[in-house]
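1. show me the folded form of this:
(one chain, ligands or ions: 3)
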Amino acid sequence: MKTLIKNGTVVTASDTIKADVLIEGEKVALIGANLSADGVDEVIDATGKLLMPGGIDPHTHLDMPFGGTVTADDFYSGQRAAAFGGTTTHVDFALQQPGGTLVDGVKMWKKKAEGNAVIDYGFHVAITQPTMESVNEIPKLLDEGVCSLKAFQAYKGAFMVDDTTLYKAMQVAAKNNILVMTHCENGDVIAALTEELVAAGKLDPKYHLDAHPASIEAEASLRAISIAAETGAKLYIVHMSCEEAVEMMAWGRAKGYTVMGETCTQYMFKFEDDMKVPGFEGAKWACGPPVRKPKDAEALWKALADTTLQAVATDHCSFNYEGGVDGRKPGKELGKAGWHKIPNGIPGIEDRLYVMYHNGVNSGKISLNRFVAITSTNVAKAMGLYPKKGTIAVGSDADIVLWDPNLEKTISAKTHHMAVDYNAYEGMKVKGFPVRTILRGKTICNNGEWTQEKGAGQYIKRSNPEIL
Ligand code: URP
Ligand code: ZN
Ligand code: ZN
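-> Ligands and ions are numbered 1, 2, ... in the order given. Below is the predicted model:
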């Protein structure tokens, strides 16, 4: 099958050029001016459209048991929603199970995706059993196509690993070119603060904020960066939320350590005040690290623009606001008796690209090429997917989004495709929207019409993560 996309503007992380793109089978075959349509099966007219590499979301949680329930989105609903938003690949977190191995965790998550996948995907695995058996198993992940390992410095008593395990895991990861990803918050302090707040009867959603201060995110970030410096590990800090943590990252990078970081869409748009509203509504925004202040969002935008941070993810972890009724999976309502029982997480796998484009590119906070870098190219490089994914280049997978820079939409849970009953960006008006998503040469959605088969998404083996 040969497809020719004519008259569009190709945007990569480095260039913006008027060019036609010829796709042969699953790959980009040619990029150039006035390409011939001879022998081509389909010609797509992209006049007035931008052609960008499909979005790559480095941080999602689909079909994940967490907080006494399971995420609202499974692999089918979550990936389908991602595709409608222009994302063609994501890397999800498999969790090591109590008493299980890391590879068992990966295999378990592969089963969840198989037969349901509609876009391409990979897995990180979270080390949750702080034993030397787990640490010694880390190199085996490469055989599974997994080159990134998450360690939680938070969630004491559940996922948290101690500093000895973190240090040893980083040593092994460094020797085997495996990226270490850390959730940076001080889990001991969170546990102590939680106990104090609950004992004092402070149970409303807003007290979630008091248990997760910015200072302990900064402290854990510096700790992770320091351990990476000592071991030579490549470190990627996930979901960075505040100015103080960004300052630690800037310090580590200035020192020349092999460290980089991501932030998430919600930290630019959701704030402490959204959690402080009367009643239970604030539960929608309970996540770890928590939402912060507008001044933190400004610091994050600046860090994305000046390359202190390399990527923007969603940390898509959807829980219904009013779950457990009308066939909806239980969700945030589990925390009605106390904020510490609210399942942590915010949905957004569908929304990342247009929210970041409208508020970043249209407002002049980031360039169009930087937008492509932080939503696709840098992610592909950091996660060992490049150049198969993350760019429009001859030989790369033809994962292409046709983007209408003039199309205006209002975001709403009424029209989104995620299987969750609220949207973090409800009512936001955006200009610039994906109109056609192409995965490995095949159009999977086109002007709102879904054309992908369930199960056609592929697991992608990853290797050689890069520090950017
Ligand atoms: O609140 C969050 N971030 N939920 C997902 C789990 C994690 O820590 O990434
Ligand atoms: Zn985390
Ligand atoms: Zn997460």
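
2. show me what contacts the residue in the stretch 301-450 of the chain that ligand 1 sits nearest to?
-> Using CB to the nearest ligand atom, the single residue of the stretch 301-450 of the chain nearest to ligand 1 is residue 344, 3.3 Å away. Placement of C-beta: from N, CA and C, glycine included. By CB atoms under 8 Å, 6 or more residues apart in numbering, residue 344 lies in contact with 66, 67, 286, 287, 288, 317.

3. from those residues, which are also near ligand 1?
-> Contacts with ligand 1 within these, as defined by CB under 6 Å from any ligand atom: 287, 288, 317.

4. let's have those in TSV, adding pLDDT.
-> Below are those laid out as TSV (pLDDT from 0 to 100):
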residue	pLDDT
287	98
288	97
317	98
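
5. buried ones only from those residues, please, as a ChimeraX command.
-> To isolate the buried members of these in ChimeraX, using 16 or more other CB atoms under 10 Å:
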select :287,288,317
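
6. count the neighbours of the residue in the stretch 1-150 of the chain that ligand 1 sits nearest to for me.
-> Going by CB to the nearest ligand atom, ligand 1 is nearest to residue 61 of the stretch 1-150 of the chain, at 5.4 Å. For residue 61, the neighbour count with other CB atoms under 10 Å is 22.

7. which SS class is the residue of the stretch 301-450 of the chain closest to ligand 1?
-> When classified by DSSP: H, G, I helix; E, B strand; the rest coil, residue 344 comes out as coil.

8. coming back round to it: contacting residues around the nearest residue to the residue of the stretch 1-150 of the chain closest to ligand 1 once chain neighbours are set aside?
-> Leaving aside its sequence neighbours, residue 61 sits nearest to residue 317 (CB to CB, 6 or more residues apart in numbering; 4.2 Å). By CB under 8 Å, 6+ apart, the residues touching residue 317 are 60, 61, 64, 66, 71, 287, 344, 345, 346, 347.

9. what values do phi and psi take at the closest residue to ligand 1 within the stretch 151-300 of the chain?
-> Scanning the stretch 151-300 of the chain for the residue nearest ligand 1 gives residue 287, at 3.4 Å (criterion: CB to the nearest ligand atom). Per-residue torsions, residue 287: phi -160, psi 170 (degrees, to the nearest 10).

10. what does this structure put close to ligand 1?
-> Looking at ligand 1, the residues of the chain close enough under CB under 6 Å from any ligand atom are 61, 183, 239, 287, 288, 315, 317, 344, 345.

11. would you mind giving those residues as JSON lines with distance to residue 401 added?
-> As requested, the residues of the chain next to ligand 1 are exported to JSON lines (distance: CB to CB, whole Å):
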{"residue": "61", "distance to residue 401": "23"}
{"residue": "183", "distance to residue 401": "29"}
{"residue": "239", "distance to residue 401": "24"}
{"residue": "287", "distance to residue 401": "27"}
{"residue": "288", "distance to residue 401": "31"}
{"residue": "315", "distance to residue 401": "21"}
{"residue": "317", "distance to residue 401": "24"}
{"residue": "344", "distance to residue 401": "30"}
{"residue": "345", "distance to residue 401": "26"}
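
12. what's the closest of the residues you listed to residue 452?
-> residue 61 (21.7 Å; CB to CB).

13. which helix or strand contains the residue nearest to residue 232 when sequence neighbours are not counted?
-> Distances taken as CB to CB, 6+ apart put residue 174 closest to residue 232, at 4.5 Å, once the chain neighbours are dropped. For residue 174, the host element (DSSP states H and E) is helix 163-175.

14. swap in residue 182?
-> strand 179-183.

15. other SSEs contacting that strand?
-> The contact analysis (3 or more CB pairs under 8 Å, 6 or more residues apart in numbering; DSSP states H and E) places strand 179-183 against strand 148-152, helix 163-175, helix 214-231, strand 235-237.

16. among those, which is the most enclosed?
-> strand 235-237 (a mean of 28; mean count of other CB atoms under 10 Å).

17. next secondary structure after it?
-> helix 243-254.

18. now that following helix against helix 214-231, angle please.
-> 20 degrees (axes from the mean of the first three to the mean of the last three CA atoms, to 10 degrees).
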